[in-house]
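[1] give me a model of this one.
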Amino acid sequence: MKNGLIFMKPILKRNNFLLNFFAVIFLLNSILSCGNSQISGVRNGDLLFVTAKETGLSGAINNVTQTQKNVSFDHIGILEQTKKGTFVLHAAPKGGSQKQNIVDFLKDQRNDGQKIIVYRLKSQYQNTIPNAIENANSMLGKSYNFNYILDENSYYCSDFVERAFRKDNIFKLEPMTFIDPKTGKTNTFWEEFYQKKNLKVPEGELGCNPNGLAASDKIERVKELK
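    This is a model prediction of the structure:
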């Protein structure tokens, strides 16, 4: 009987090891499946628009740029699929112009309570994507443009995307406005924003914004990332 117990101990240890091993594999597969389900149906070059908040800087941007009644945006990035994974090329206040893993990108937006809507270039413009992604990668590492006035040494989010596609004229720069449509006067947030920087409100200067890019007739809405 003692000999039987002696033989049983290594068998039990081996079984426990196998159970733990398969449990870890199952957990990893679950995590990967969850990540893959979040990004299913997206393509290389898709544009990820992040819905706007109603307050703070996000609300101020939306107040003077909203073009659609049912949805508005305050951030945008370009999706890049490579052999190493799926990434988002974008310019953000934290990190500047960067290449971020899409899982981390989604987590950041959702932690702020914002949704991600996928837009795609129409078929006749799909051939511009390789050049745009190459251009976007060449701009990585530049700091974020906190003044929202076009600058060759720093970029804000829609500026980054517009530049990436500029050679193919996918998007266009428009005269910026900081006028509150409800009052017909400069939005108070922006007036104070530029006063603190000792800058004149760049009313009428060329620029772009996520809502303006979303209104382009060269792209179409695909889905919301769940």
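
[2] hey, let's count contacts and neighbours off CA atoms from now on
    Fine.

[3] low-confidence ranges in this structure?
    The chain contains residues with pLDDT under 70 at 1-39, 54-70.

[4] where is the longest strand in it?
    Longest strand in the chain, counting residues (DSSP state E): strand 73-82.

[5] roughly how far out does that one sit from the chain middle?
    Centroid separation for strand 73-82 versus its chain: 4 Å, with Cα atoms, centre = their mean, to the nearest Å.

[6] repeat that for stretch 161-173.
    The answer for stretch 161-173 is 17 Å, by Cα atoms, centre = their mean.

[7] what comes into contact with the longest strand of the chain?
    43-53, 58, 61-62, 66, 86-91, 133, 157-158, 161, 209-211 (Cα atoms under 8 Å, 6 or more residues apart in numbering).

[8] just stretch 130-145 next, same as before
    The contact list for stretch 130-145 (Cα under 8 Å, 6+ apart) reads 45, 78, 80, 89, 91-99, 151, 153-156, 160-161, 163-165.

[9] stretch 200-207 now?
    148-150, 159, 173-178, 190-191, 194.

[10] wait, residue 156 sits on residue 92?
    Yes. Using Cα atoms under 8 Å, residue 156 is in contact with residue 92, at 6.8 Å.

[11] the two: which is more packed in?
    Neighbour count, other Cα atoms under 10 Å: between residue 156 and residue 92, residue 156 has more, with 27 against 20.

[12] roughly how far apart are the more buried one and residue 43?
    23 Å (Cα to Cα, to the nearest Å).

[13] then residue 213?
    Noted for residue 213: a distance of 19 Å to residue 43, by Cα to Cα.

[14] so for those two, which residue has more residues nearby?
    Neighbour totals were compared for residue 213 and residue 43, and residue 213 leads with 24 against 14 (other Cα under 10 Å).

[15] show me where the chain has strands.
    According to DSSP E, the strands that the chain contains are 47-51, 73-82, 85-92, 96-101, 116-121, 143-144, 154-155, 174-175, 179-180, 185-186, 206-207, 219-224.

[16] what is the residue most central in space within the chain paired to in the beta sheet?
    Nearest to the geometric centre of the chain sits residue 77, at 3.9 Å (Cα atoms, centre = their mean). Beta-bridge pairing for residue 77 (DSSP bridges): residue 48.

[17] now the strands of the chain as JSON lines including distance to residue 199?
    Converted to JSON lines, the strands of the chain look like this (distance: least, Cα to Cα, whole Å):
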{"stretch": "strand 47-51", "distance to residue 199": "28"}
{"stretch": "strand 73-82", "distance to residue 199": "22"}
{"stretch": "strand 85-92", "distance to residue 199": "22"}
{"stretch": "strand 96-101", "distance to residue 199": "22"}
{"stretch": "strand 116-121", "distance to residue 199": "33"}
{"stretch": "strand 143-144", "distance to residue 199": "17"}
{"stretch": "strand 154-155", "distance to residue 199": "17"}
{"stretch": "strand 174-175", "distance to residue 199": "17"}
{"stretch": "strand 179-180", "distance to residue 199": "16"}
{"stretch": "strand 185-186", "distance to residue 199": "14"}
{"stretch": "strand 206-207", "distance to residue 199": "16"}
{"stretch": "strand 219-224", "distance to residue 199": "34"}
